[in-house]
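1. structure here, sequence nowhere to be found:
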């Protein structure tokens, strides 16, 4: 039996350190011989500061009390300048460092061509093989690359706070179309109800979205969490949104292929110097 | 490619400016830093290092409990077969306590006034030593230390 296989077996039998190491090796580009498995994945995104991590912390506790094993992949951007990253999502998740039924892994986007996208599938697969029955991917939802990350989940939850405005940005970015439910967190603050009505209202303009769920929670006071989990558990995978997500996945796989093409840089240089035009560049690729 | 490093605040100590400055400096030097937040138990810190697959952990303590908390982290790392993890410390740790902590496998202790560049140099040295199969982990021969 190969060393990798041995390590996979250990991880599946519950060895957390092996699991953590295997996730690192997937992240560094290794392909692991993993059997496919059926996973349950929720993507959580939303603007910075709305309480995503704190909310996820509460959701973890609720799921654990229902007997689930919860794994979180918390994605944060790497600094484009130094390549380093400051990863501090887990400090908001209270049981992340102690409960046996919780596994939290912070991931930096590492300025990979195509972001983390080429590795997410394998990471999810591995976690699911290791018995993690609820897998959450958390990203800050501010741009295309984040949308692509949550597109790897079968269910997508968008979180916002009482101060609207941000959610309009999310609408522009197209994340609203991918979301199965919207949560307005910080319901303990004034304006939360207004914000949720505003979102509901904006959905009522289109028949397609009119049945989209909008929920209120307060992660701070642990309010509305149990109801939120009930609703998430009831979610049916929506075919139309599923095809949108598949499209995002395909596009990101295509980007990755393009950016990792060995002649990509040469073609780029020729394009810069005017030796070739765009059509010729496409031909060479 | 930088390292994955946990910056942790063990015990009942509410001062994390130092830890945050270090976290930021390490990020700017190209490392991936996982910050635990305040008031972590030694067992929780070990869990973070394990799940995050970090190669090193920096313990910041200003409460005076370093002689209790730091040894606990070291022991728990070793008992979890994580003796290869590099442990370094910072904060208010008197000179007279340092030999004891070094003897447990703590490779560097950074006091007030340390420049961030010397911590970054320490990490570079760690990385070099690891490449050359020289001992750096908390569970390995403890004679080498950073001065």
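-> Sure, I can see it. Predicted, not measured: the structure shown is a model, and the values here were computed from it.
2. now residue 92. Nearest residue, chain neighbours left out?
-> Assuming you mean chain A. In space, and not counting its chain neighbours, residue A:92 is closest to residue A:53: 3.7 Å by C-beta to C-beta, 6 or more residues apart in numbering or on different chains. Every residue, glycine included, has its C-beta placed from N, CA and C.
3. my bad, chain B
-> Distances taken as C-beta to C-beta, 6+ apart place residue B:62 nearest to residue B:92, at 4.8 Å, with adjacent residues excluded.
4. now the one you found: how far from residue B:75?
-> 22 Å (C-beta to C-beta, to the nearest Å).
5. looking at the two, which one has more neighbours?
-> Higher neighbour count among residue B:62 and residue B:75: residue B:62, with 20 against 16, using other C-beta atoms under 10 Å in any protein chain shown.
6. contacting residues for the more buried one?
-> Residues near residue B:62 by C-beta atoms under 8 Å, 6 or more residues apart in numbering or on different chains: B:13, B:15, B:18, B:91, B:92.
7. pLDDT at it, what is it?
-> Reading off the confidence values, residue B:62 has pLDDT 94.
8. pretty sure the residue nearest to residue A:92 sits in a helix.
-> Yes - per DSSP: H, G, I helix; E, B strand; the rest coil, residue A:53 lies within a helix segment.
9. so residue A:154 sits against residue A:241, correct?
-> No - in this structure residue A:154 lies outside contact range of residue A:241 using C-beta atoms under 8 Å: 9.4 Å.
10. tell me the SS of residue A:79?
-> Residue A:79 - assigned by three-state DSSP - is coil.
11. quick one, longest helix in chain B?
-> helix B:116-131 (DSSP state H).
12. now do chain A
-> Max-length helix for chain A by DSSP H is helix A:239-259.
13. what about the helix or strand following that helix, distance to the chain center?
-> As assigned by DSSP states H and E, the chain's next helix or strand after helix A:239-259 is helix A:264-273. For helix A:264-273, the separation from the chain centroid amounts to 33 Å (computed by C-alpha atoms, centre = their mean, to the nearest Å).
14. nearest spatial neighbour of residue B:143, chain-adjacent residues omitted?
-> Nearest non-adjacent residue to residue B:143 (C-beta to C-beta, 6+ apart): residue B:135, at 8.0 Å.
15. try residue A:94
-> Leaving aside its sequence neighbours, residue A:94 sits nearest to residue A:57 (C-beta to C-beta, 6+ apart; 5.4 Å).
16. contacting residues around that neighbour?
-> A:92, A:93, A:94, A:95, A:96, A:219.
17. can you check residue B:98 too?
-> Each residue near residue B:98 by C-beta under 8 Å, 6+ apart is listed here: residue B:109.
18. A helix includes it, no?
-> Yes - assessed by three-state DSSP, residue B:98 belongs to a helix.
19. enumerate the residues of chain B near chain A.
-> Neighbours of chain A within chain B, by C-beta under 8 Å from any C-beta of the partner chain: B:1-2, B:4, B:23-24, B:26-37, B:40-41, B:43-45, B:47-48, B:50-53, B:80-82.
20. so where do the helices sit in chain B?
-> Under DSSP H, chain B gives helices at B:17-28, B:42-51, B:66-79, B:95-103, B:116-131.
21. CSV for those helices, including mean pLDDT?
-> Formatted as CSV, these follow (pLDDT from 0 to 100):
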stretch, mean pLDDT
helix B:17-28, 93
helix B:42-51, 96
helix B:66-79, 96
helix B:95-103, 95
helix B:116-131, 94
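22. between these, which one is nearest to residue A:2?
-> Nearest of these to residue A:2, taken as C-beta to C-beta: helix B:42-51 at 23.4 Å.
23. count the neighbours of residue A:134 for me.
-> 25.
24. show the pLDDT at it.
-> Per-residue confidence (pLDDT) for residue A:134: 97.
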